[in-house]
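Participant: All I have is the shape, not the residue letters:
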């Protein structure tokens, strides 16, 4: 239990060093933040694809904060230890036209709303997936003046969508302004590395963190330490191979979609959304020019 709690109406939709802090704390303080889902409440459990068609991207990824940490100065590192993530009881996953790794392959709006309960994301395709709550957007104010887009990751953190950003992870953020001005949002009940369709299992949450000053100088971009989740006993991986990493990632994902469709009978669009939640994209080889290898790893128990 913490003595400090920030409600979700204290949120912002851009990174900006001029935003007044909603809380000031000493280093070592634990703080609980209520986080809205990535849609800012635009998508509800009973919605269909029409909610995707009318979606307002200007309202995406509201972040709760900022928090001023006393004594933290530019050049320091802010250490954020994630202590707890309690998600809402539902999550959504969507394909937005023109967005996602395979936007050209899947041009139509598509939406899942899933129940989150008993440690599972209960998807509308009848598959229950183990939850792995993580925070998609987390960071501090940038050094440059003016608003900076909330959807674009940068050296100060932001919308990094790192699926290991869950309970137990210790994130180190480079500080650019006095007090750091820490904020977070965009919880996922589950997301694969790469978030290939552009969305995870998007949900709201209550996040508890401890904020400290690092005893090491910052390294210019965020770094973190984490514990890997238990590994599946068997993975099946597809590959993309070529001189362009982005194209190779697309190829590996396309072949992953084809594999899931063949093995499960799912529609291609549902296979694509499923891989955004459970498929992990990895750079397997980047030294044997002129071609590189990207692999997409899929837990075998779902195939």
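Facilitator: Yep, it's here. Just so it is clear, the structure is predicted and the values come from calculations on it, not from any experiment.

Participant: doesn't residue 252 fall inside a helix?
Facilitator: Yes. Counting by DSSP: H, G, I helix; E, B strand; the rest coil, residue 252 is located in a helix.

Participant: What is the neighbour count of it?
Facilitator: Counted by other CB atoms under 10 Å, the residues lying close to residue 252 total 27. From N, CA and C alone the C-beta is placed, and that goes for glycine too.

Participant: Would you mind measuring the gap between the ends of stretch 220-235?
Facilitator: Using CA to CA, to the nearest Å, the end-to-end distance of stretch 220-235 comes to 35 Å.

Participant: What is the distance between the lowest-mean-pLDDT helix or strand in the chain and the centre of its chain?
Facilitator: Across the helices and strands of the chain, mean confidence by mean pLDDT, DSSP states H and E is lowest for helix 50-53: a mean of 91. Centroid separation between helix 50-53 and its chain, computed with CA atoms, centre = their mean, to the nearest Å, is 21 Å.

Participant: Please apply the same query to stretch 208-218.
Facilitator: With CA atoms, centre = their mean, you get 21 Å for stretch 208-218.

Participant: Any idea how far apart the tips of that stretch sit?
Facilitator: Stretch 208-218: ends 23 Å apart by CA to CA.

Participant: related to what we said a few turns ago, which parts of the least confident helix or strand of the chain count as buried, going by neighbours?
Facilitator: 51, 52 (16 or more other CB atoms under 10 Å).

Participant: That one packs against which elements?
Facilitator: strand 110-117 (3 or more CB pairs under 8 Å, 6 or more residues apart in numbering; DSSP states H and E).

Participant: buried sites along the strand it packs on?
Facilitator: Across strand 110-117, burial judged by 16+ other CB under 10 Å covers 110, 111, 112, 113, 114, 116.

Participant: Any chance you could list what contacts the helix or strand following it?
Facilitator: From strand 110-117 onward toward the C-terminus, using DSSP states H and E, the following helix or strand is strand 120-122. For strand 120-122, the external contacting residues (CB atoms under 8 Å, 6 or more residues apart in numbering) are 91, 114, 115, 116, 128, 129, 130, 131, 189, 190, 201, 277.

Participant: Run through the residues that contact the fourth one.
Facilitator: Residue 116 makes contact with 87, 88, 89, 90, 91, 122, 131, 189, 201, 203, according to CB under 8 Å, 6+ apart.

Participant: re the thing from before, name only those of the contacts of strand 120-122 that count as buried.
Facilitator: Buried among the contacts of strand 120-122 (16+ other CB under 10 Å): 91, 114, 116, 129, 131, 189, 190, 201, 277.

Participant: how far does the helix or strand that contains the fourth one sit from the chain's center?
Facilitator: Just to be clear, that refers to residue 129. According to DSSP H and E, residue 129 maps onto strand 128-130. Distance, stretch centre to chain centre, for strand 128-130: 17 Å (CA atoms, centre = their mean).

Participant: same check, this time on stretch 237-252
Facilitator: Distance of stretch 237-252 from its chain centroid, counting by CA atoms, centre = their mean, is 22 Å.

Participant: picking that back up, and the furthest pair within the buried ones among the contacts of strand 120-122?
Facilitator: Greatest spacing in these, by CB to CB: 116 and 277 (12.0 Å).

Participant: residues shared between the contacts of these two?
Facilitator: Common contacts of residue 116 and residue 277 (CB under 8 Å, 6+ apart): residue 201.

Participant: coming back round to it: given the strand holding residue 129, what are its sheet partners and their directions?
Facilitator: Here strand 128-130 has these sheet partners by DSSP bridges: strand 120-122 (antiparallel).

Participant: next one: the partner strand to chain centre, how far?
Facilitator: Offset of strand 120-122 from its chain centre (CA atoms, centre = their mean): 17 Å.
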